[in-house]
Every structure is written in C-alpha cells, then in structure tokens.
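Pasted the sequence and its predicted model underneath.
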Amino acid sequence: MPIAGKVGAVFLQTEGVPATFIKEATTANAQRTEYSINNPACRYLDKNSAVTVYVNDVVVTGGYTIQHLGGVVHFSSPLDSLDEVTVSGSSITVDQAGGFFSWSAELSSDTADVTTFISGGWKENLPTINGFSASAESYWADERLSARLGQEVILALYLDTGTNKKRYEGYGIISGDSIELSVDDIVNESIEFQGSGKLYYRED
C-alpha cells in the first residue's frame, strides 16, 4: 500500500546526557531469539555505556549480541517460552528534528574485481562490504546542525510516524552541511550523513 510522504519525519540524537535505567522489561519475537525493550524511552542504548542482560533475574554474560539501535538483545539460541529477559543500561534521547521536509537514503555494496585469465573476457566481482549514506533537507533555523559537523549521531528516517512507525535507523556521521539562499525563496539547509555500521529497518 502506498504511503503519503507527509507522514514521514527525520529524528536525530539529541545532545542530552544518557539516562541510566535498571531492569527494563522486554518482549520476545516469535522465535524467542530477539528481545526488544518495551519502554520506548530506552530503545536507543548508549554504546559507550555497559549493558547488563538478565534472564530470570540472573545476569548472563554470553550467548547474545546487543543491537543498541532499537534496544534489542539477540540470542544465538532460542530461550524457553517462560524465560523473562530484562535489561539495564543507559539510553539516549532521539527526537524529531523540526523543519525537515525531505530525506533520502542509499544503501551500497562494494565489490572487488577477481577477474582472471580464465574469465572468458568478462569481469568477475565478489561482494566485500556494505554501507549506506543519507541526506535530509530542512528549512534553515540556526547553526545547531552545522555545529555538529563531524559528529556521529543516531539517525532515524521515518516512512510513517503513525501506529506502525516504519523507519530506517542507524549511526551516521554528519559529513556535510549545505545552506542555500535565493532572493525569492526560503533559506534551506541540506545535511549529509555517512553511515557507520548497519542501517536497520524497524516497525513498532
């Protein structure tokens, strides 16, 4: 089903101090391998702070990975249906950035040339690493975004801010800031992000 662009949005990590939380409850996926923190305020974990995972109130130190974006604990093996997972750590606030009216994201995959004498005159390539970049346009308001040039931020690009909250989110370095002024138009600002790590697709 098509989605109207008017329900999109750009959310950015704020400059506030991470907030500590203790033993937040989670909800499992159908396979009981991924447990997501229920509290929306704790779903963006500070990756520079320790995260403690409890299963049935007992600390576990292995057999899982943390997805700091989304507040997800991914276990290598399914847990029991009666197991309860809680998480302690520090969360970062990500709020809607005002003034934005468009965004774009580009996912890419680098390849390496592996052509040999027996390739029959055709190039052969192997995929190597993946990445992403993004950009967003807004009406210029002040210097706050340009002041963060070169900083890594959490970036959430919403397709739909309604009930499903369909979005792409990842870490991105603010790599460019272009301000455009025309005598017969409004001052616009275009922000470029260079992705750092995976770009996740989420729905709530």
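Thanks, I have the structure now.

going forward, measure contacts and count neighbours with C-alpha atoms only.
Will do.

I'd guessed D83 sits against N56; true?
Yes. Assessed by C-alpha atoms under 8 Å, D83 is found in contact with N56 at 6.0 Å.

Tell me the spacing between F117 and H74.
44 Å (C-alpha to C-alpha, to the nearest Å).

Repeat that for S178.
Distance from S178 to H74, by C-alpha to C-alpha: 39 Å.

Comparing these two, which residue is more hemmed in?
Taking other C-alpha atoms under 10 Å, S178 and H74 do not tie; H74 has more neighbours (18 against 12).

Next up, the contacts around the residue nearest to that one when sequence neighbours are not counted.
In space, H74 comes closest to E34 once its chain neighbours are excluded; the distance is 4.5 Å by C-alpha to C-alpha, 6 or more residues apart in numbering. E34 makes contacts with 28, 72-75, as judged by C-alpha atoms under 8 Å, 6 or more residues apart in numbering.

Make CSV from those and add distance to F100 to it.
Converted to CSV, the contacts of E34 look like this (distance: C-alpha to C-alpha, whole Å):
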residue, distance to F100
A28, 34
V72, 28
V73, 32
H74, 33
F75, 37
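
Which of those residues fall within strands?
28, 72-75 (DSSP state E).

Can you lay out those residues as TSV showing pLDDT and distance to F132?
Below are the ones in strands among the contacts of E34 laid out as TSV (pLDDT from 0 to 100; distance: C-alpha to C-alpha, whole Å):
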residue	pLDDT	distance to F132
A28	96	28
V72	95	21
V73	97	23
H74	96	23
F75	97	26
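
neighbours of the residue nearest to L69 when sequence neighbours are not counted, just the number please.
Once flanking residues are discounted, L69 sits nearest to Y44: 5.0 Å by C-alpha to C-alpha, 6+ apart. Y44 is flanked by 22 other residues according to other C-alpha under 10 Å.
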